[in-house]
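In: okay, predicted coordinates and the sequence, questions at the end:
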Amino acid sequence: MSGAHRPWTRDALDSALVEQGHGGRALVVVPAWNEAEALPAVLVELSSKIPGVDVLVVDDGSTDGTADLVRRSGTASVVSLPFNVGVGGAMRAGFLYAERNGYRAVVQCDADGQHDPADIARLLAELDAGLDVVIGARFAGVGTYQVGGFRRIAMKFLASSLSRITGTRLTDVTSGFRASSARAVAVFAREYPPEYLGDTIESLVVARRAGLSIGQLPVELRERQGGTPSQSSFKSVIYLGRAVLVLGLAVLHRGAGKDDA
Amino acid sequence: MTTTIIGVLAAFAVLVLTVELLRRRALREKYAVIWLVVSLVAVVFTVFPGLLLRVSQRLGFQIPANFVFAIAALVLLVVGMQLSLEVGRLEDRSQRLAEEVGLLRHDIEQLRRELAGSAPTEPVELSHAAARDDRDDRAADDDGDAGGSASG
Ligand SMILES: Nc1nc2c(ncn2[C@@H]2O[C@H](COP(=O)(O)OP(=O)(O)O)[C@@H](O)[C@H]2O)c(=O)[nH]1
Ligand SMILES: [Mg+2]
């Protein structure tokens, strides 16, 4: 392949996968930023509800000892980033880790206990059924999770736009609970959008462009089990504006590499 | 005439500064080119004000100052764009490096642990401890165990 590594074609991806071998297991990647309060319970729950699965916490420049806590737990590995790069960058590190260590799938799971580890097996089952990216979606008929006012309108708008772009009905495109097949991992390890909202919205456009199949699975979202959410509600107007901008740019983006010039 | 002198001095100052920064390798050549061109043109125009007048009239500007402002705005626009591009690229690279650093740190920790765990622990550590304990033993016979904490 010449210098430019995108767009990925299915054939190129398949041969890349054959080279590194299809074997391996699923990896749960937990992006965490100052989650010392909620993370311990999440790690315990992960190892009890899905015993034997490998867990990687990506500590994103936390200042509250999140990384040490994971090391002491002994049930998860930790990648500690030298400074905060955001969820997108943290996940890209997770995908790189998964690819280099030959995992067959990656499940992204929040560190605040909002995602029920019991659903991970169901997400993985959807991958086995042939999907490349499965979103654990709220608002899909299961659970009682509510989002207020303007933010809800924003999320609805984004969901319908991305449903059209991806050609699949999606109800919750900002969910951080998702599973990626080995094929998707190979794509995301190279270009998981690190910017604001890149990890949720733009990543779906990237997946679509790479020819990956996308779907969703209804899940129940629980309350945060401690700590504070990174977004405050009064920023939702700005949120919509930025989301629309991100989405528009993602669609216009032709996959021209701005790195490795 | 003082304005002309100030203009010439300022243009020369930028030129000298650019060359000096280049000489000290504080300024990279790819950013210096535009400043060199700007300061050279400024020197020429301040030394020969008549030239500026003729060029701006030829281009249809009623007041030479407007011509200068237009050029200045254009130059700053290009410079600002170039810097935005560069900063974006640097950000992207530093972020990728941060990810690699995190992954490498993980691997080093893992290797350390493996070395500490899988090195022929029992025999080697015991013989080390024994050697140390031997010396301790000679000093204080019964307290050999107290000095053996290193083997645990
Ligand atoms: N790596 C990384 N993770 C983050 C960052 N900000 C939030 N997170 C994690 O992303 C997950 C979701 O964050 P949260 O604040 O709960 O967002 P919400 O669930 O969308 O309200 C949690 O696991 C956070 O620890 C960040 O800057 N870097
Ligand atoms: Mg949350």
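Out: That came through, no problem. Ligands and ions are numbered 1, 2, ... in the order given.
In: burial count for residue 78?
Out: Chain wasn't specified; assuming chain A. If you count neighbours by other Cβ atoms under 10 Å in any protein chain shown, residue A:78 ends up with 22. Every C-beta, even on glycine, is put in place using the N, C-alpha and C of the backbone.
In: that was the other one, I meant chain B.
Out: Counted with other Cβ under 10 Å, residue B:78 comes out at 11.
In: close enough to count as contact, residue A:188 and residue A:180?
Out: Yes - Residue A:188 lies in contact with residue A:180 (Cβ atoms under 8 Å); the separation is 6.2 Å.
In: look at the two and report which has more neighbours.
Out: Using other Cβ under 10 Å, the more surrounded residue of residue A:188 and residue A:180 is residue A:180, with 33 against 28.
In: which secondary structure element is home to that one?
Out: In this assignment (DSSP states H and E), residue A:180 forms part of strand A:178-181.
In: for residue A:206, same thing?
Out: Per DSSP H and E: residue A:206 is located in helix A:203-209.
In: near ligand 1, anything from that helix?
Out: No - against ligand 1, helix A:203-209 shows no contacts by Cβ under 6 Å from any ligand atom, the least distance being 14.0 Å.
In: residue A:105 - how many residues pack around it?
Out: 24.
In: find the nearest non-adjacent residue to it, please.
Out: Closest residue to residue A:105 apart from its sequence neighbours, by Cβ to Cβ, 6 or more residues apart in numbering or on different chains: residue A:26 at 4.3 Å.
In: that neighbour and residue B:104, how far apart?
Out: Here residue A:26 is placed at a distance of 24 Å from residue B:104 (Cβ to Cβ, to the nearest Å).
In: residue ranges of the helices in chain B, please?
Out: Applying DSSP state H to chain B gives helices spanning B:2-23, B:29-47, B:49-58, B:64-118, B:121-139.
In: circling back: wait, the residue nearest to residue A:105 sits on residue A:121?
Out: No - using Cβ under 8 Å, residue A:26 is not in contact with residue A:121; the gap is 9.3 Å.
In: of those two, who's got more company?
Out: Of the pair residue A:26 and residue A:121, residue A:26 is the one with more neighbours under other Cβ under 10 Å, namely 22 against 13.
In: pLDDT value on the more buried one, please?
Out: Predicted confidence (pLDDT) for residue A:26: 93.
In: and it, what does it touch?
Out: Counting by Cβ atoms under 8 Å, 6 or more residues apart in numbering or on different chains, residue A:26 touches A:53, A:54, A:103, A:104, A:105, A:106, A:107, A:120, A:124, A:179.
In: that older thread, highest mean neighbour count out of the helices of chain B?
Out: helix B:29-47 (a mean of 15; mean count of other Cβ atoms under 10 Å in any protein chain shown).
In: any idea of the mean pLDDT for it?
Out: 86.
In: tell me the angle it makes with helix B:49-58.
Out: 100 degrees (axes from the mean of the first three to the mean of the last three Cα atoms, to 10 degrees).
In: the inter-axis angle of helix B:29-47 versus helix B:2-23?
Out: Going by the same axes, to 10 degrees, helix B:29-47 makes 160 degrees with helix B:2-23.
In: which residues touch helix B:29-47?
Out: For helix B:29-47, contacts defined as Cβ under 8 Å, 6+ apart pick out B:4, B:7-8, B:10-12, B:14-15, B:18-19, B:21-22, B:27, B:51-52, B:68, B:75, B:78-79, B:82.
In: the same query, at a cut-off of 10 Å, please.
Out: Residues outside helix B:29-47 that contact it (Cβ atoms under 10 Å, 6 or more residues apart in numbering or on different chains): B:3-19, B:21-22, B:26-27, B:51-53, B:55-56, B:64, B:67-68, B:71-72, B:75-76, B:78-79, B:82-83, B:86.
In: show the pLDDT at the residue of chain B found nearest ligand 1.
Out: Nearest residue of chain B to ligand 1 (Cβ to the nearest ligand atom) works out as residue B:102 at 10.2 Å. Residue B:102 is assigned 96 on the pLDDT scale.
In: for chain A, which segments are assigned as strands?
Out: A:26-32, A:54-60, A:77-81, A:105-108, A:133-137, A:178-181, A:214-218 (DSSP state E).
In: any idea how far the residue nearest in space to the middle of chain B is from residue A:196?
Out: In chain B, the centroid-proximal residue (Cα atoms, centre = their mean) is residue B:90; its distance is 8.9 Å. Distance, residue B:90 to residue A:196, using Cβ to Cβ: 18 Å.
In: got it, and residue A:103?
Out: 27 Å.
In: the more surrounded of these two?
Out: When neighbours are counted by other Cβ under 10 Å, residue A:103 and residue A:196 differ, and residue A:103 comes out ahead with 23 against 17.
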